[in-house]
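Peer 1: pasting a predicted model and its sequence here:
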Amino acid sequence: MIRFIIEIHLGNKIKQVSSIFISKPGIKLHLKAPFYEFIAWGDPISSSDFQERLGTNPSPEFIVNNLYGHYYYLYFNKNSGELLIGNSLFSILPLYYQYTSKHLTISDNAITIGKHHGIEKVNRQFLLE
């Protein structure tokens, strides 16, 4: 498993991508440009022109169709504040989230999110799924 926890405080502007990680994984691909920051962890495999092409087409479709392997990714548009978080083609790696009025928490494990927020009881519906 690739352990990570991302927490975004709603209403606050993201200034640096590193500030939203509560538990940061080993980053395998980190691209910075004047208007965006892109990171991928797990097993991302990119072509030599991926960074150049990402700058002109920063969509989830482009990312999953042009970055290979099994990975999670995060794309942050510095100008608009838009944040894209996802996983590789076919979503083999799980991605869980918890949304409240104060924050959005994202992780590779739902139980990890629960523990992070002090939730001890596991919902029976979650166990069935």
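Peer 2: Sure, I can see it.

Peer 1: separation between residue 35 and residue 67?
Peer 2: Per Cβ to Cβ, to the nearest Å, residue 35 is found 19 Å from residue 67. In short, each C-beta sits where N, CA and C put it, glycine included.

Peer 1: can you check residue 117 too?
Peer 2: Counting by Cβ to Cβ, the separation of residue 117 from residue 67 is 31 Å.

Peer 1: name the nearest residue to the one residue sitting closest to the centre of the chain, sequence neighbours excluded.
Peer 2: Closest to where the C-alpha atoms of the chain average out (Cα atoms, centre = their mean) is residue 85, at 3.7 Å. Computed as Cβ to Cβ, 6 or more residues apart in numbering, the closest residue to residue 85 that is not its neighbour in sequence is residue 74, at 5.1 Å.

Peer 1: pretty sure the one you found contacts residue 95?
Peer 2: No - in terms of Cβ atoms under 8 Å, residue 74 does not count as a neighbour of residue 95; the distance is 11.2 Å.
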